[in-house]
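[1] please work out how this folds:
(one chain, ligands or ions: 1)
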Amino acid sequence: MTAEKKFPEGFLWGGATAANQCEGAWDVDGKGPSVIDALTCSRDFSERFAGVGDYYPSHEGIDFYHHYKEDIALFAEMGFKIYRLSIAWTRIFPQGDESEPNEAGLAFYDNVFAEMAKYGIEPLVTISHFEMPQYLVDHYGGWRNRKLIGFFERYATTLFERYQGKVNYWLTFNEINMATFLPQISIGSKAEAGESQEEIMYQALHHQFVASALATKAARAIDPENRIGCMIAYAPVYPLSAKPEDVWAAQRKEEEKLFFSDVHARGYYPPSKLAYFATKGINVTFEQGDEEILAAHKVDFISFSYYASSAASFAQSGVPGEGNALMGEKNPYLAESEWGWQVDPLGLRVALNTFHSRYQLPLMVVENGLGAVDEIVDGKIHDGYRISYLRDHVKAMRDAIVLDGVELIAYTSWGCIDLVSAGTGEMAKRYGYIHVDRNNDGSGSFDRLKKDSFHWYKKVIESNGSDLE
Ligand code: BG6
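    Predicted coordinates:
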């Protein structure tokens, strides 16, 4: 029997954004400042955090706050079945510790969901995408403080109640493993003198795991139709050579990433992590009941971002890699983007198989794409390089579904409309099918323009992935 080279009926095609990278309106209608709002724009991370420069890209983003109708109409024109967006925690609870939510913030997302419903676009909502309230960092020390579990639970419950019947798919924390790479924006906690940053990080993460499980519990209690997933930044790690030590190094790095999906999907810490804690003398406080909470409220599906793969050697003898998370060493067999991210479509098939064979849960690829500089020539953008990247990755997903039996239910490519880069704050690093007239220095009209990839993706969706030319 020959398998048909097709995506399953009802496959959810779409795109993804995050509030802090597109909404703008950072202090409008009662919104409070989030950790991202203090960051400037620079390819040098430490400069962004030190506030070098006077341009804060999240303050205006691409002004989705005032353009959402136009943008959603464009998504609908491409045929989106699903749109992944995040809710800004600081629109709903401006400080994070209030007992009552901000009505204007809730109303904004009512309007966004109503607009999506007009076109039959299913929302996939990230509850926290690098948008924690700055107040929780300044006054509570971020996620190392157990009180944040309760604040997050209240925030998530408010969303489940308000958007019941409008939203069915939820992700708790964007790229929860980013804490190891970008602690400032994902856990908001740092070690004091004499403390171990690693121990603080794992304690903060433990609180996020418990918060995620409690949110899952609340979502199900409020509406049994709710489906909750975790979200992992994932890049398969290949051994740099066939040397057993390199294979070992790669496997260890791989386990570091999968630890995060293990806790969400299996409901407990893997023995390898507990052994690691014991060896390093890391103490993570579990309160009574935590183990039961993790075990009782596991996720319904796994979602992950995939941009590139990475390599590892025991001696760390390779060239350091670039990428969105925990990138190891460069793979000499792969080409790379202008930002040094290595392009590896087969790596996506590897990733899908890894998650599928480990958990046998439905999967979503919720971020994937090529960040590139686009040029407007005679009012058009011929982004064949982006089409070619996406085409190869869509083929890899198709192979994983058809040839490997992977249960993949959705694909939301990253930055379906150009937006601010999370890593650098740049606008010049564009992922979209839709161009936005906005530059690194904050100039630009916010006008939207369809790229060649817009028309290509429309055909892909129309043909349910059969026509990729
Ligand atoms: C992921 C994030 O790490 O990568 C997104 O979830 C981010 O927020 C994306 O935008 C791409 O990274 P960058 O740095 O190119 O924006």
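[2] list the residues that contact the nearest residue to residue 240 once chain neighbours are set aside.
    Ranked by Cβ to Cβ, 6 or more residues apart in numbering and with sequence neighbours excluded, the top spatial neighbour of residue 240 is residue 313, at 3.9 Å. The way it works is simple: take the backbone N, C-alpha and C, and place the C-beta from them, glycine included. Taking Cβ atoms under 8 Å, 6 or more residues apart in numbering as the criterion, residue 313 is in contact with 239, 240, 241, 243, 245, 246, 249, 329.
[3] repeat that with 6 Å
    The contact partners of residue 313, taken as Cβ atoms under 6 Å, 6 or more residues apart in numbering, are 240, 246, 249.
[4] okay if I get those residues as TSV plus secondary structure and pLDDT?
    TSV is the format used below for the contacts of residue 313 (DSSP: H, G, I helix; E, B strand; the rest coil; pLDDT from 0 to 100):
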residue	secondary structure	pLDDT
240	coil	95
246	helix	96
249	helix	96
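[5] JSON lines for the residues you listed, including neighbour count and distance to residue 384?
    Output for those, formatted as JSON lines (neighbours: other Cβ atoms under 10 Å; distance: Cβ to Cβ, whole Å):
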{"residue": "240", "neighbour count": "24", "distance to residue 384": "32"}
{"residue": "246", "neighbour count": "21", "distance to residue 384": "36"}
{"residue": "249", "neighbour count": "22", "distance to residue 384": "37"}
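[6] which one of these sits closest to residue 363?
    In terms of Cβ to Cβ, no member of these lies closer to residue 363 than residue 249, at 26.4 Å.
[7] now that closest one: how far from residue 243?
    Distance check for residue 249 against residue 243: by Cβ to Cβ, to the nearest Å, it reads 9 Å.
[8] now do residue 421
    36 Å.
[9] how about residue 374?
    Distance of residue 374 to residue 243, computed by Cβ to Cβ: 41 Å.
[10] what about the longest helix in this structure?
    The helix that spans the most residues within the chain, counting by DSSP state H, is helix 197-222.
[11] and the angle for the following helix or strand past it with helix 197-222?
    Towards the C-terminus, the helix or strand next in line after helix 197-222, according to DSSP states H and E, is strand 227-233. Orientation check (axes from the mean of the first three to the mean of the last three Cα atoms, to 10 degrees): strand 227-233 against helix 197-222 gives 160 degrees.
[12] roughly how far is strand 227-233 from the heart of the chain?
    The chain centre lies 9 Å from the centre of strand 227-233; the measure is Cα atoms, centre = their mean, to the nearest Å.
[13] that one vs the ligand: in contact?
    Yes: Strand 227-233 lies in contact with the ligand when judged by Cβ under 6 Å from any ligand atom; the contacting residues are residue 233.
[14] can you list the residues of the stretch 1-150 of the chain near the ligand?
    Residues of the stretch 1-150 of the chain lying close to the ligand (Cβ under 6 Å from any ligand atom) are 18, 21.
[15] now the stretch 1-150 of the chain against the ligand: closest residue?
    With distances taken as Cβ to the nearest ligand atom, the stretch 1-150 of the chain approaches the ligand most closely at residue 18, which sits 5.0 Å away.
[16] count the residues that sit near that residue.
    Here the count is done by other Cβ atoms under 10 Å, and residue 18 has 27 residues near it.
[17] cool, and the one 3 residues further on?
    Using other Cβ under 10 Å, residue 21 has 25 neighbouring residues.
[18] surely residue 227 and residue 171 touch.
    No: taking contacts as Cβ atoms under 6 Å, residue 227 lies outside contact range of residue 171: 10.0 Å.
[19] those two: which has the busier surroundings?
    residue 171 (25 against 20).
[20] what's that one sitting at in phi/psi?
    When read as degrees, to the nearest 10, the backbone of residue 171 gives phi -120, psi 140.
[21] for it, what are its contacts?
    Contacts for residue 171 (Cβ under 6 Å, 6+ apart) come out as 126, 229, 231, 303.
[22] output the residues you listed in TSV; the columns should cover pLDDT and neighbour count.
    As requested, the contacts of residue 171 are arranged in TSV below (pLDDT from 0 to 100; neighbours: other Cβ atoms under 10 Å):
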residue	pLDDT	neighbour count
126	98	25
229	98	28
231	98	30
303	98	29
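[23] so residue 188 sits against residue 142, correct?
    Yes: taking contacts as Cβ under 6 Å, residue 188 lies within contact range of residue 142: 2.9 Å.
[24] so for the closest residue to residue 64 other than its chain neighbours, what pLDDT did the model give?
    Across the structure, with Cβ to Cβ, 6+ apart as the measure, the residue nearest residue 64 apart from its sequence neighbours is residue 22 (4.1 Å). Taken from the predicted model, the pLDDT recorded for residue 22 is 98.
[25] neighbours around residue 22, how many?
    Going by other Cβ under 10 Å, the residues that sit close to residue 22 add up to 25.
[26] so it makes contact with residue 61?
    Yes: shown here, residue 22 and residue 61 form a contact pair, counting by Cβ under 6 Å, at 4.7 Å.
[27] give me the common contacts of the two.
    Common contacts of residue 22 and residue 61, defined by Cβ under 6 Å, 6+ apart, are absent altogether.
[28] in the stretch 351-469 of the chain, what residue comes closest to the ligand?
    Across the stretch 351-469 of the chain, no residue is closer to the ligand than residue 423, which sits at 2.7 Å (Cβ to the nearest ligand atom).
[29] what is the neighbour count of the closest residue to residue 95 other than its chain neighbours?
    Among residues not flanking residue 95 along the chain, residue 135 sits closest, at 4.0 Å (Cβ to Cβ, 6+ apart). A count of neighbours around residue 135, defined by other Cβ under 10 Å, yields 18.
[30] just after the helix or strand encompassing residue 135, pick out the following helix or strand.
    Mapping residue 135 onto the secondary structure by DSSP H and E places it in helix 134-140. Using DSSP H and E, the helix or strand that follows helix 134-140 in sequence is helix 147-162.
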